[in-house]
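Asks: give the three-dimensional model of this entry:
(chains A and B)
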Protein chains: 2
Amino acid sequence: MADDVDLAQSVAPEELSALDRMPMRDAEGDIRPEFVEAISHAVQVADTAFLKEIVGELHEADLGDLIEALDADERAPLIELTGTDFDFSALNEVDDTVREELLEELEPETVAEGVRELDSDDAVELLEGVDEEVQDEILEKLPLSERVALERSLTYPENSAGRRMQTEFIAVPPDWNVGQVIDYMRETPDLPDRFYEIYSVGADQRWQGAVSLDALLRARRPVLLADLIDEDRRRVSVLDDQEEVARMFGKYNLVAAPVVDTDDRLVGVITIDDVVDVIEEEADEDLKALGGVTSDEELSDNFWTIAKGRFTWLLINLATAFIASSVLGLFEDQLQQMVALAVLAPIVASQGGNAATQTMTVAVRALATRQLNPNNAMRIVIREGLVGLINGLAFAVITGIAAYAWFRTPGLGIVIGLAMICNLIAGALGGILIPMVLERVKADPAVASGTFVTTVTDVVGFFAFLGIATLWFGLK
Amino acid sequence: MADDVDLAQSVAPEELSALDRMPMRDAEGDIRPEFVEAISHAVQVADTAFLKEIVGELHEADLGDLIEALDADERAPLIELTGTDFDFSALNEVDDTVREELLEELEPETVAEGVRELDSDDAVELLEGVDEEVQDEILEKLPLSERVALERSLTYPENSAGRRMQTEFIAVPPDWNVGQVIDYMRETPDLPDRFYEIYSVGADQRWQGAVSLDALLRARRPVLLADLIDEDRRRVSVLDDQEEVARMFGKYNLVAAPVVDTDDRLVGVITIDDVVDVIEEEADEDLKALGGVTSDEELSDNFWTIAKGRFTWLLINLATAFIASSVLGLFEDQLQQMVALAVLAPIVASQGGNAATQTMTVAVRALATRQLNPNNAMRIVIREGLVGLINGLAFAVITGIAAYAWFRTPGLGIVIGLAMICNLIAGALGGILIPMVLERVKADPAVASGTFVTTVTDVVGFFAFLGIATLWFGLK
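Replies: As a prediction, the model looks like this:
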């Protein structure tokens, strides 16, 4: 990034900040080990002044990275030592595992103090991850009004807009003019930290419309707010799923959206930074699910937690591998008569598995982005079937020639070629239909698709190859 | 979304817009087939008035969806019929394949007319996808100043910040006060369509700092701009990779960032909506690469294009499958003596492949988000090795018992168990080391990892199982 390059200006050393003297990151943007060591040392000798200076200068995101880079037993002391200088929103930048451990270790008073400084959405995000017990302990230490607001937000379902919204926003009557709004903002000390639009609300807090700040700044003071309202502007319901909200932001290029309750009263606002987190989370989840990893696995987890988490999918895979092998078992006698079949069978299965994975990947992604929908489903299924057929024919020829060249058995090339065609069509159809069925029954198409799809191609591959071979060579 | 629910208010029918009378989407948000048919009919009978009304009301994103939903031969006529009422930014919302076809079909005059109405970043996005020849034809039709600006943007490398930025922004001298800035915005008719911050530039257009609109609105008129500059604000260089830019936006919660050239002159601004597109594109690419699909495959491609695109990875997979099977081939005699080995060998390979895929998925994602870096690489590799060992032990026991129960051959359980341990450790290490090596040699870790990683587990699985079996049972 360009902002890292030209720090070297002629500044007297005493004017340099702690971070200028000791930069956090190297040229690649990775954290310098010397930096972490210096902080770690300062924590050990309780050099509060130095720590406060550093912590005060760091952006919350960098502070989060620092927390993760420290040893686990130095994290809580750093926060306790820097107290109110520590920005608790940094804790939303670290892995869940790290955050939970930390919040349980810290004094509830320290956490409550930190939570009070946060925007409501950051506070909810921080609290929703911890045990109910710890959560209650922290909430108890908060002033009544803040506690009630947070508790209400926490009653909304997980992953809903209500959980993601911040309850700080600017709402004014629709009959105000631009001048009144600007004066109001200049005179009100307690505005939200960042905002991109203001809302007009009628009686009963009912939402009327949104005006973006640039529209406000272009207009002259006497212009009525009602005239600036963006008709295209969309709103979100507290109960909407965060994924739906993210899709709307992406589609209509929003930076903020008002959140209304079931009576259309304005209760909060969702901003693009939260949506970016949601988009990244969802992409993460899809990728992990396709790879057979649970979505809560994190890089900071220890090997034992990870091994346990991955065990389930491996166990399911083992069961399906036994099913596939049992098909081989059915043909034990034929395999004994012609061992080339045992050597070649995994090739048919593997090629089908790969073709199926290709189709499945595209299907899962298209379902997630709603590009694949009832309007085009039939067309896509037919298309995938054709793709399977074409590549099946191509690989029938290639594999057939290679197999004949290897074993010099007349007919073996034809047998494996026919099996290849069957399995690539089966893979293509399995790859699209299994995710579509999972979506239809409201299961996540990314989860489970992988293992089941390759089971289909293993079973069909073994069965087609050995079955055709049995017939062709007249094996008993 | 809440905005779809209560359209039914008491409005006289003649006041209803075309979209109110005939909504585009159903309750699920999918496009109604009746809507597409009505448009399609209007295109055929050239009902220009109706089409202009609809096209004028639709958001660009919805207009893009409509284009995709129409038959290929109705798309260009719709645009030609609606002319200047058609918002060309809708073309950035459709698949590349659809867009390219359309732009080649439309009259260059129509396209040039449409491009003139676009923000510079949208214009660049539209033009960068088409053939050089068509591009030149369109550029020729533009006024000189716009042509020069677009041509300059197109000289920046693909996927760079220079390609993504818009060149419309607000820059004022740092010695202005808030009042002057607000007056300037009220008096200047030709401001950018949307903006979130204004920039302060010194002599020579050199960038000095950014002020967010909310900071501007909170401050009183005499306050100097220089006092409002956000010290934390980061800037981007034209040559920065878009992925780096997206990471910075996500990390520091930005909605806009100034883009400077190599002399630190302000030349453009990147906004969060472009970044959201980048984040989605990159997630898409990673997912597709892991699934063995090229990143330019799109849902609108025909089966022939897709089959060709997927052929390469399938061919590579076939080659690696033959390598794995050649290991089986080495043990032909042993397989003939003990056919149970042929039946069970794929289980060892499959289980290793799955464990490796789990590790690889996490590694690829962690590398993409830079969570996995030189600071923690060693720790993560050791951890994955331990995960492989633990699950290897667990599945050695389970598979060993199952294999013995199936074939009742003493020792077979121990042999498959030992092979399982070897292969799960090999899979874990291959799953993390292969992506890391690819990253080190500047190759995309998502591409190629999958096939190579499962080749490792196929080869190790077959070799370990049959090798140990040969020794244990004294096969020749």
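Asks: switch to C-alpha atoms for all contacts and neighbour counts from now on
Replies: Noted.
Asks: now the helices: where do they sit in the stretch 101-250 of chain A?
Replies: With DSSP state H, counting those that start in this stretch, the ranges of helices along the stretch 101-250 of chain A come out as A:108-116, A:120-128, A:132-140, A:144-155, A:161-164, A:178-187, A:213-218, A:225-228, A:242-252.
Asks: quick one: contacts of the fifth one?
Replies: Pointing back at helix A:161-164 there. Here helix A:161-164 makes contact (Cα atoms under 8 Å, 6 or more residues apart in numbering or on different chains) with A:121, A:124-125, A:153-154, A:156-157, A:236-242, A:245, A:259, A:268, A:270, A:274.
Asks: quick revisit: dump the helices of the stretch 101-250 of chain A to JSON lines, plus mean neighbour count.
Replies: As requested, those are exported to JSON lines (neighbours: other Cα atoms under 10 Å in any protein chain shown):
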{"stretch": "helix A:108-116", "mean neighbour count": "19"}
{"stretch": "helix A:120-128", "mean neighbour count": "21"}
{"stretch": "helix A:132-140", "mean neighbour count": "16"}
{"stretch": "helix A:144-155", "mean neighbour count": "14"}
{"stretch": "helix A:161-164", "mean neighbour count": "28"}
{"stretch": "helix A:178-187", "mean neighbour count": "18"}
{"stretch": "helix A:213-218", "mean neighbour count": "20"}
{"stretch": "helix A:225-228", "mean neighbour count": "19"}
{"stretch": "helix A:242-252", "mean neighbour count": "20"}
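Asks: reformat the ones you listed as CSV; add mean pLDDT and distance to residue B:229.
Replies: Shown next, in CSV, are those (pLDDT from 0 to 100; distance: least, Cα to Cα, whole Å):
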stretch, mean pLDDT, distance to residue B:229
helix A:108-116, 88, 26
helix A:120-128, 89, 25
helix A:132-140, 87, 36
helix A:144-155, 89, 31
helix A:161-164, 93, 29
helix A:178-187, 93, 17
helix A:213-218, 92, 18
helix A:225-228, 90, 27
helix A:242-252, 91, 28
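Asks: how about those helices, which one is nearest residue B:90?
Replies: Residue B:90 lies closest to helix A:242-252 among the helices of the stretch 101-250 of chain A, at 11.0 Å (Cα to Cα).
Asks: who touches the very next helix or strand once past the closest one?
Replies: Per DSSP states H and E, the first helix or strand lying C-terminal to helix A:242-252 is strand A:256-260. With Cα under 8 Å, 6+ apart as the test, strand A:256-260 has contacts from A:161-162, A:165, A:196-197, A:199, A:207, A:210, A:233-238, A:266-272, B:2.
Asks: recalculate using a threshold of 6 Å.
Replies: Residues from elsewhere that reach strand A:256-260 (Cα atoms under 6 Å, 6 or more residues apart in numbering or on different chains): A:235-238, A:266-272.
Asks: also stretch A:70-77?
Replies: So stretch A:70-77 is contacted by A:67, A:106 (Cα under 6 Å, 6+ apart).
Asks: any stretches of the stretch 151-300 of chain A with poor pLDDT?
Replies: A:231-232 (pLDDT under 70).
Asks: residues from it in reach of chain B?
Replies: Residues of the stretch 151-300 of chain A lying close to chain B (Cα under 6 Å from any Cα of the partner chain) are A:185-186, A:218-219, A:235-237, A:253, A:273, A:291-293.
Asks: weed out the non-buried ones from those.
Replies: Listed as buried from those are A:185-186, A:218-219, A:235-237, A:253, A:273, A:291-293; burial here means 16 or more other Cα atoms under 10 Å in any protein chain shown.
Asks: nearest to residue A:229 among those residues?
Replies: residue A:219 (11.9 Å).
Asks: what's the closest non-adjacent residue to that closest one?
Replies: residue B:186 (5.9 Å; Cα to Cα, 6 or more residues apart in numbering or on different chains).
Asks: list the contacts of residue A:123.
Replies: residue A:115 are the contacts of residue A:123 under Cα under 6 Å, 6+ apart.
Asks: roughly how far apart are it and residue A:91?
Replies: 10 Å (Cα to Cα, to the nearest Å).
Asks: do residue A:262 as well
Replies: Taken as Cα to Cα, the span from residue A:262 to residue A:91 is 32 Å.
Asks: neighbour-wise, which of the two wins?
Replies: Ranked by neighbour count (other Cα atoms under 10 Å in any protein chain shown), residue A:262 and residue A:91 place residue A:91 first, with 25 against 11.
Asks: spit out the contact partners of that one.
Replies: residue A:64.
Asks: quick revisit: any chance of the helices of the stretch 101-250 of chain A in CSV, with distance to residue B:458 too?
Replies: Shown next, in CSV, are the helices of the stretch 101-250 of chain A (distance: least, Cα to Cα, whole Å):
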stretch, distance to residue B:458
helix A:108-116, 51
helix A:120-128, 43
helix A:132-140, 46
helix A:144-155, 48
helix A:161-164, 45
helix A:178-187, 66
helix A:213-218, 59
helix A:225-228, 64
helix A:242-252, 38
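Asks: for the ones you listed, which one sits closest to residue B:35?
Replies: Distance to residue B:35, taken as Cα to Cα, is lowest for helix A:242-252 among the helices of the stretch 101-250 of chain A, at 19.9 Å.
Asks: quick one, strands of the stretch 201-350 of chain A?
Replies: A:207-212, A:236-237, A:256-260, A:266-271 (DSSP state E, counting those that start in this stretch).
Asks: dump those to TSV, plus distance to residue A:61.
Replies: Output for these, formatted as TSV (distance: least, Cα to Cα, whole Å):
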stretch	distance to residue A:61
strand A:207-212	27
strand A:236-237	28
strand A:256-260	21
strand A:266-271	17
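Asks: tell me the phi and psi of residue A:95?
Replies: Main-chain dihedrals, residue A:95, degrees, to the nearest 10: phi -60, psi 150.
Asks: for it, give me the pLDDT.
Replies: The model reports residue A:95 with a pLDDT of 87.
Asks: now residue A:89
Replies: The model's pLDDT for residue A:89 equals 90.
Asks: how near is it to chain B?
Replies: Distance of residue A:89 to chain B, computed by Cα to the nearest Cα, to the nearest Å: 12 Å.
Asks: okay, now that residue: neighbour count?
Replies: Applying other Cα under 10 Å, we find 22 residues neighbouring residue A:89.
Asks: ditto for residue A:100
Replies: 18.
Asks: one more: residue A:366?
Replies: Residue A:366 has 16 nearby residues by other Cα under 10 Å.
Asks: so it touches residue A:372, yeah?
Replies: Yes: in this structure, residue A:366 is within contact of residue A:372 by Cα atoms under 6 Å, at 5.0 Å.
Asks: could you chop chain A up by domain?
Replies: A:14-155, A:171-272, A:303-473 (automatic domain parsing).
Asks: turn those into JSON lines, columns for distance to residue B:100.
Replies: Output for these, formatted as JSON lines (distance: least, Cα to Cα, whole Å):
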{"stretch": "domain A:14-155", "distance to residue B:100": "37"}
{"stretch": "domain A:171-272", "distance to residue B:100": "21"}
{"stretch": "domain A:303-473", "distance to residue B:100": "19"}
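Asks: tell me the residues on the stretch 351-476 of chain A that lie near chain B, please.
Replies: Counting by Cα under 6 Å from any Cα, the residues of the stretch 351-476 of chain A near chain B are A:357-358, A:361, A:383, A:387.
Asks: from the residues you listed, which is closest to residue B:39?
Replies: For these, the nearest to residue B:39 is residue A:383 (25.7 Å; Cα to Cα).
Asks: contacts only, for the closest one.
Replies: By Cα under 6 Å, 6+ apart, residue A:383 lies in contact with residue B:303.
Asks: any figure for the gap between it and residue B:115?
Replies: From residue A:383 to residue B:115 the distance is 34 Å (Cα to Cα).
Asks: before we move on, what about residue A:385?
Replies: On the measure of Cα to Cα, residue A:385 and residue B:115 end up 39 Å apart.
Asks: residue A:46: what's its closest spatial neighbour, skipping adjacent residues?
Replies: residue A:81 (7.2 Å).
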